[in-house]
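Novice: mind looking at a prediction? Sequence and model below.
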There are 2 protein chains.
Amino acid sequence: MCRLVSDLSIVRNAHIVLASAACAGRVRIVNDQLGLKARVVHPAAEFAPSPSTAPNDFFVCERARAQAMDVFWRAGAPFHAKHGQVPSLVVGVDTVVRLGDEVLEKPTSISDARAMLQKLSDAGTHHVQTGVALIYGGAESGAPHVHTFLEETSVRFASLSPEQIEAYINTGEPMDEVGAYGIQGLGGTFVTAVQGDFHNAVGFPLARFCDEVDIDRLRGWIDATLPPEVPCMAAIGSTAEDDASFADIPGIECEDDECGLPSD
Amino acid sequence: MCRLVSDLSIVRNAHIVLASAACAGRVRIVNDQLGLKARVVHPAAEFAPSPSTAPNDFFVCERARAQAMDVFWRAGAPFHAKHGQVPSLVVGVDTVVRLGDEVLEKPTSISDARAMLQKLSDAGTHHVQTGVALIYGGAESGAPHVHTFLEETSVRFASLSPEQIEAYINTGEPMDEVGAYGIQGLGGTFVTAVQGDFHNAVGFPLARFCDEVDIDRLRGWIDATLPPEVPCMAAIGSTAEDDASFADIPGIECEDDECGLPSD
């Protein structure tokens, strides 16, 4: 049940950080469409487990969680210095394109982009998976609370000629996009149909986020007059490089969610 | 087959007029996402056949066509005065929400919006139908050429409580939207899934337009050095009120399309 519209003022007043790689469509959904004022912090690239080593349904959640954790610790310090508290909520989001067991990310070269578009054209239908990790500041328990979920959308892609692929590559759009096409840009002209949440294919599962976000937890956090001592403050000044493993950091409470990630 | 990306310069250089009621999402798709420079002209309201009198799958095409025709004649005169030719292409677009035999348009009152949202919530799934009419300036034959098509998208809508409906109505968004919700706005939080072209649900069937637009016809028009004498010039100075019936206007060539509209 989507509670969010009736509690919009709660999320709009929360200090939300979006832990996300550059993705204009995602930021537009979160800040323009939903009207949040989320600050965007890019996670360190080294927190991304290589998909080639774990091409299962859960790695995208795991990666969203690792990236959100990175940002939670790193962003916590300057955020605390400015606002006197840690962020209410860090939203980690990571999106990939799946073609069977294969994972497509942003292309690394023109020829990579060309090959991806040819594969999508040949396949007809592919899937966009987005993993989301919600890390709450932890007003009550003093410990950040983690919740993750996965949303998948099927995309039917047009059959493209080599000339069409070249023309699209020449627009410059594919190189910035997961799977080498932007559904919210010219790449949208290739998408004849989707099945599932379209916003998820753009990079943010809007309706699902509204269902999953814990309004009571946010409300409690916003109502708290003084920010509690939370473990993340101990990490002030740490860098991404120092935090290569989150398993060592105590006090992380992790919900047993459908992504099947183990609790810390 | 989507040819449009490889012929993007053709459509971007064409003089395109979008004959459409106010719809920010539609204009964004056409001008921002696709990168056209379409001028938007609102059709006269009286060219809309009442849906209650013809609630079939074709009335939305018929209405798009009537509105495009209205704009074609009315916009032709000032456009010709400025550019020395009639528009290359007038794109008429009309969108409705269908719930079985019932047609939902923009709500006329708060209570109307409330009732619509309750119906969509109760139904679970509804359909968004967009009728599109393409009217080409007619460089070769001297007669405008009409082509229409219909695109339908299924939308799965969340179950809303009365409190959620009231909260959404209080945002002010429903009153400007067909079916009382904006999928590209906060209303998007209620859409758990779509089946079909998402852009169509926003108000413009992007992929289908790219398939249906006749690039060769546009290219011929743009290549023509001098604009030919076309019948629409005879209508310079006419008003919407003068053109209540298009059946009387000679020289309109209408493609026998899937919408099943009779040729003039």
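Specialist: Arrived safely.

Novice: near chain B, which residues of the stretch 151-264 of chain A?
Specialist: Within the stretch 151-264 of chain A, the positions lying close to chain B (Cβ under 8 Å from any Cβ of the partner chain) are A:158-161, A:163-164, A:166-168, A:171, A:184-186, A:188-199, A:201, A:206-208, A:210. In short, each C-beta sits where N, CA and C put it, glycine included.

Novice: what ranges does the stretch 51-200 of chain A have for its strands?
Specialist: Assigned by DSSP state E, counting those that start in this stretch, the strands in the stretch 51-200 of chain A fall at A:89-99, A:102-104, A:125-136, A:145-157, A:191-196.

Novice: ok, the nearest residue in space to A:Gly137 that is not next to it in sequence - how many residues close by?
Specialist: Once flanking residues are discounted, A:Gly137 sits nearest to A:Val86: 4.7 Å by Cβ to Cβ, 6 or more residues apart in numbering or on different chains. When neighbours are defined as other Cβ atoms under 10 Å in any protein chain shown, A:Val86 has 29 of them.

Novice: for chain B, what's its nearest residue on the stretch 1-150 of chain A.
Specialist: A:Ser6 (3.9 Å; Cβ to the nearest Cβ).

Novice: need the contact list for that residue.
Specialist: B:Ser161, B:Glu163, B:Gln164, B:Glu166, B:Ala167 (Cβ atoms under 8 Å, 6 or more residues apart in numbering or on different chains).

Novice: from what I see, the last one and A:Ile10 are in contact.
Specialist: Put plainly, it is B:Ala167. No: using Cβ atoms under 8 Å, B:Ala167 makes no contact with A:Ile10, being 11.7 Å away.

Novice: ok so, going back, quick one: which of the strands of the stretch 51-200 of chain A is nearest A:Cys61?
Specialist: Nearest to A:Cys61, of all the strands of the stretch 51-200 of chain A, is strand A:125-136, at 3.6 Å by Cβ to Cβ.

Novice: and that closest one with chain B, contact?
Specialist: No: using Cβ under 8 Å from any Cβ, strand A:125-136 never reaches chain B; the gap is at least 12.1 Å.

Novice: most centrally placed residue in chain A?
Specialist: A:Val93 (0.5 Å; Cα atoms, centre = their mean).

Novice: ok, now how distant is it from A:Ile215?
Specialist: Distance of A:Val93 to A:Ile215, given as Cβ to Cβ, to the nearest Å: 19 Å.

Novice: same deal with A:Gln164?
Specialist: On the measure of Cβ to Cβ, A:Gln164 and A:Ile215 end up 45 Å apart.

Novice: same check, this time on A:Asn13
Specialist: 12 Å.

Novice: that older thread, which of the contacts of A:Ser6 lies closest to chain A?
Specialist: For the contacts of A:Ser6, the residue nearest chain A by Cβ to the nearest Cβ is B:Ala167; the value is 3.9 Å.

Novice: ok, longest helix in chain A?
Specialist: Scanning chain A for the helix with the most residues, using DSSP state H, yields helix A:59-83.

Novice: what angle do that one and strand A:89-99 make?
Specialist: 150 degrees (axes from the mean of the first three to the mean of the last three Cα atoms, to 10 degrees).

Novice: for chain A, which spans come out with low pLDDT?
Specialist: Along chain A, the model assigns pLDDT under 70 to residues A:1-3, A:45-57, A:77-80, A:82-85, A:138-143, A:221-264.

Novice: what segments of it are helices?
Specialist: Under DSSP H, chain A gives helices at A:8-13, A:24-27, A:59-83, A:110-123, A:162-170, A:198-202, A:206-212, A:215-223.

Novice: next, format those helices as CSV and append distance to A:Val103.
Specialist: CSV is the format used below for the helices of chain A (distance: least, Cβ to Cβ, whole Å):
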stretch, distance to A:Val103
helix A:8-13, 31
helix A:24-27, 18
helix A:59-83, 8
helix A:110-123, 11
helix A:162-170, 20
helix A:198-202, 16
helix A:206-212, 21
helix A:215-223, 32
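
Novice: relative to B:Ser111, which of the ones you listed is closest?
Specialist: Comparing these by Cβ to Cβ, helix A:8-13 comes nearest, at 22.4 Å.

Novice: quick one: is that closest one near chain B?
Specialist: Yes: judged by Cβ under 8 Å from any Cβ, helix A:8-13 and chain B are in contact via A:Leu8.

Novice: just the C-alphas of that helix, formatted as PDB.
Specialist: Provided in PDB are the C-alpha atoms of helix A:8-13 (Å, rounded to 0.1, in the frame of the first residue of the first chain):
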ATOM      1  CA  LEU A   8       4.800  13.400   1.800                       C
ATOM      2  CA  SER A   9       5.800  16.200   4.200                       C
ATOM      3  CA  ILE A  10       7.700  13.600   6.300                       C
ATOM      4  CA  VAL A  11       9.900  12.500   3.500                       C
ATOM      5  CA  ARG A  12      10.200  16.000   2.100                       C
ATOM      6  CA  ASN A  13      11.500  17.200   5.400                       C
END
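
Novice: once you drop chain neighbours, what's closest to the residue sitting furthest away from the middle of chain A?
Specialist: Distance from the C-alpha centroid of chain A peaks at A:Glu163, with 33.3 Å (Cα atoms, centre = their mean). Spatial nearest neighbour of A:Glu163, excluding adjacent residues (Cβ to Cβ, 6+ apart): B:Ser6 at 5.3 Å.
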